[in-house]
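> Predicted model and sequence follow; I will ask about them next.
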Amino acid sequence: MPKVSEVCRHVRSKNAGPFWITIDLSFPDIQSFERHANAAALQPAAIGALYDVDAEQVKRFLVRDLSVVKISYPRRAPQGGAMERDMHGGQQYIRLLDVELE
């Protein structure tokens, strides 16, 4: 099965305020988007398990016109804490790169 890194043109993460992270998965065309956007690995339960957050709080947005899947989840601790390792949320996408899609 193909991995996110093999299918998506761009994968990035960023802050969505001090309490949330958003990940954008940009597919190269509408065919790839249609094939993979609803993969089990991109559903709230799988994202919750991958990022150790409550699946009920994971939000998904399918932007078909742009061939993009946006996934948002709450940070485990607010941005800017003393133990912060990724202040801008820019490295959070890495866990998704090797995830296999259907």
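Perfect, thanks for sending it.

> alpha carbons only for contacts and neighbour counts from here, please
Fine.

> Show me the contact partners of stretch 79-90.
The contact list for stretch 79-90, computed with C-alpha atoms under 8 Å, 6 or more residues apart in numbering, reads 12-15, 18-19, 21, 92.

> What subset of those residues is buried?
Buried by 16 or more other C-alpha atoms under 10 Å: 12-15, 21, 92, out of those.

> who's in contact with Arg64?
30, 33 are the contacts of Arg64 under C-alpha under 8 Å, 6+ apart.

> Run through the helices of the protein in chain order.
Ranges of helices in the chain, per DSSP state H, are 4-7, 30-36, 44-51.

> Export the ones you listed to JSON lines and append columns for mean neighbour count.
Shown next, in JSON lines, are these (neighbours: other C-alpha atoms under 10 Å):
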{"stretch": "helix 4-7", "mean neighbour count": "18"}
{"stretch": "helix 30-36", "mean neighbour count": "15"}
{"stretch": "helix 44-51", "mean neighbour count": "17"}
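
> For those, could you give me CSV that also reports distance to Glu100 and mean pLDDT?
Output for those, formatted as CSV (distance: least, C-alpha to C-alpha, whole Å; pLDDT from 0 to 100):
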stretch, distance to Glu100, mean pLDDT
helix 4-7, 6, 97
helix 30-36, 10, 97
helix 44-51, 11, 97
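
> could you dump those to a markdown table with distance to Leu97?
Shown next, in a markdown table, are the helices of the chain (distance: least, C-alpha to C-alpha, whole Å):
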| stretch | distance to Leu97 |
| --- | --- |
| helix 4-7 | 5 |
| helix 30-36 | 14 |
| helix 44-51 | 12 |
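
> and the most centrally placed residue in the chain, how far is that from Tyr51?
Most central in the chain under C-alpha atoms, centre = their mean is Ile23, positioned 3.7 Å from the mean C-alpha point. Note on Ile23: its distance to Tyr51, by C-alpha to C-alpha, to the nearest Å, is 12 Å.

> cool, Val99 as well?
With the distance defined as C-alpha to C-alpha, Val99 ends up 12 Å from Tyr51.

> and for the two, which residues touch both?
Counting by C-alpha under 8 Å, 6+ apart, nothing touches both Val99 and Tyr51.

> how about the strands in this protein?
10-15, 20-26, 59-63, 68-74 (DSSP state E).
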